[in-house]
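# need a structure here:
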Amino acid sequence: MLNFGIIDAHVHLMDRRRFTYAWTKGLAPLQGDFTLDDVMRQAKPYRVEGVVFVEVDADKPLEEAEWVDGLADTRLKGAVVSVDLERGAAVEPDLARLAALKTTRGVRRLLQGEADPDFALRPDFLTGLKLLPKYGLSFDICVRAPQMPMVLEMVRACEDVSFVLDHIGKPDIKTGIAAPWRQAIDDLARLPNVAVKLSGLTTEADPLGWTPAQLKPFIDRVCERFGIERILYGSDWPVCRLAGDYLQWLVTLERAVADFTEGERRNLFADNARRIYRL
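I've put the predicted structure just below:
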């Protein structure tokens, strides 16, 4: 077991007294509130030293960012917040407001549900995206594997932006159809301004019947292509509850990288998150 404190780079917190999360309707494991105490409790006997909050597609994203910032909990090391970058230059006042919060480290505008395969290549979206370095913010990419060609063009068009690919690009682990995803990962890994989170794999496999052996080739591909300096651990709590509990993914990933050195494990499970998110 890891003998150091973990930085979980992908945690969602929910407070239904304040916000509505329409996308969770009908998903029994995602009902109720989810707090930092839940993360620490679910991770035992591992020690989570800190987390990066990632926006939860709440109905009031700016207020969500301010709520998280006001939690005043030393375990909350940083936040990736939501803003509509497709507003182009008009989004700058909101970026300034968000960047002024002590926890804000990045932005995530969910792309996985957009039907337009070129949504992130629209001129206004790229204009908004290119404003992020001015405010010291990175961009979390949340897409499904078929959208990866768009992602490649987006990243190439924004070489001054720091990107983090969530959930390794959501490959179709359940069916095992991985060839297009593998090529996209290879291409994306050649771009130096991209890091990737080892997170969300269990929910892209069969939620009721995934095995560590199914996940291992995908983990290996990402680690081999991106290298130890550009990979981060994320639990995707509580979304991971759709396919198991917190420990199932953490233990699976630790065993998958059993041949890593102590220093490499520290990079994956803690130090890379500190550096990439400037915690």
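# tell me which element the closest residue to Thr103 other than its chain neighbours is part of?
The spatially closest residue to Thr103, leaving aside those adjacent along the chain, is Ala79, at 4.3 Å (CB to CB, 6 or more residues apart in numbering). C-beta: built from backbone N, CA, C; applies to glycine. Here Ala79, judged by DSSP states H and E, is contained in strand 76-81.
# from the contact counts, what lies against that strand?
strand 48-54, helix 61-69, strand 104-107 (3 or more CB pairs under 8 Å, 6 or more residues apart in numbering; DSSP states H and E).
# among these, which is nearest Arg18?
helix 61-69 (6.1 Å; CB to CB).
# residues of that closest one that come out buried?
By 16 or more other CB atoms under 10 Å, the buried positions in helix 61-69 come out as 61, 64-66, 68-69.
# same thing with stretch 11-22?
For stretch 11-22, a neighbour-count test (16+ other CB under 10 Å) marks 11-15, 19, 21 as buried.
# farthest pair in these?
Val11 and Phe19 (15.8 Å).
# residue contacts, the residue most central in space within the chain?
Closest residue to the average C-alpha location of the chain: Asp166 at 3.8 Å, with CA atoms, centre = their mean. The contact partners of Asp166, by CB atoms under 8 Å, 6 or more residues apart in numbering, come to 10, 54, 108, 140-142, 197, 199-200, 234.
# dump those residues to JSON lines, plus distance to Asp160.
Shown next, in JSON lines, are these (distance: CB to CB, whole Å):
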{"residue": "His10", "distance to Asp160": "24"}
{"residue": "Val54", "distance to Asp160": "22"}
{"residue": "Arg108", "distance to Asp160": "18"}
{"residue": "Asp140", "distance to Asp160": "17"}
{"residue": "Ile141", "distance to Asp160": "16"}
{"residue": "Cys142", "distance to Asp160": "21"}
{"residue": "Lys197", "distance to Asp160": "21"}
{"residue": "Ser199", "distance to Asp160": "25"}
{"residue": "Gly200", "distance to Asp160": "27"}
{"residue": "Gly234", "distance to Asp160": "24"}
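# could you export the residues you listed as JSON lines, including distance to Leu131 and neighbour count?
What follows is the contacts of Asp166, written out as JSON lines (distance: CB to CB, whole Å; neighbours: other CB atoms under 10 Å):
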{"residue": "His10", "distance to Leu131": "24", "neighbour count": "26"}
{"residue": "Val54", "distance to Leu131": "20", "neighbour count": "27"}
{"residue": "Arg108", "distance to Leu131": "15", "neighbour count": "23"}
{"residue": "Asp140", "distance to Leu131": "16", "neighbour count": "27"}
{"residue": "Ile141", "distance to Leu131": "17", "neighbour count": "27"}
{"residue": "Cys142", "distance to Leu131": "19", "neighbour count": "23"}
{"residue": "Lys197", "distance to Leu131": "23", "neighbour count": "28"}
{"residue": "Ser199", "distance to Leu131": "26", "neighbour count": "26"}
{"residue": "Gly200", "distance to Leu131": "27", "neighbour count": "22"}
{"residue": "Gly234", "distance to Leu131": "25", "neighbour count": "25"}
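# what is the nearest of the residues you listed to Asp33?
Val54 (16.5 Å).
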